[in-house]
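Visitor: Coordinates for the following, if possible.
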Amino acid sequence: MTFSIPRIQVVRPCIAEIFQTALSLDGTLSGEHGIGLTKSRFMEQEVGTAALNYSRRLKAGVDPKNLINPGKVFS
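Guide: Presented below is the predicted three-dimensional model:
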């Protein structure tokens with residue numbers, strides 16, 4: 001199957017609606033490969049602010065020099 005425009009350009013406008021629908025149906029954002037940068041902006045909706053802040057503090061405690069996945073979700 002060939003596409004005249006990159007798939008991400010087709011999907012990108014739908015991403016927020018897809019994730020918000022999944023969460024409204026008690027679904028989850030994560031899959032077998034984790035969250036990823038595309039889904040990370042929706043994490044707070046799924047897990048809440050407190051859980052997100054806890055994860056950031058935990059990451060900072062385990063990796064104070066930010067050597068593990070710098071520039072990613074919990075940097």
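
Visitor: Rounded mean pLDDT for the helix ranked longest in the chain, please.
Guide: In the chain, assigned by DSSP state H, the helix with the most residues is helix 49-62. Summarised as a single mean, pLDDT over helix 49-62 is 95.

Visitor: what about that helix, distance to the chain center?
Guide: A distance of 15 Å separates the C-alpha centroid of helix 49-62 from that of its chain, computed with C-alpha atoms, centre = their mean, to the nearest Å.

Visitor: Using CSV, list the CA coordinates for that helix.
Guide: Taking only C-alpha atoms (Å, rounded to 0.1, in the frame of the first residue of the first chain), the coordinates of helix 49-62 have been written out as CSV:
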residue,chain,number,x,y,z
THR,A,49,-1.0,15.1,38.5
ALA,A,50,0.0,13.4,41.8
ALA,A,51,1.2,10.2,40.1
LEU,A,52,3.0,12.1,37.4
ASN,A,53,4.8,14.3,40.0
TYR,A,54,5.7,11.1,42.0
SER,A,55,7.2,9.5,38.9
ARG,A,56,9.3,12.6,38.2
ARG,A,57,10.6,12.6,41.8
LEU,A,58,11.3,8.9,41.6
LYS,A,59,13.2,9.4,38.3
ALA,A,60,15.2,12.3,39.8
GLY,A,61,16.1,10.2,42.9
VAL,A,62,17.2,7.2,40.8
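
Visitor: Many thanks, have a good one.
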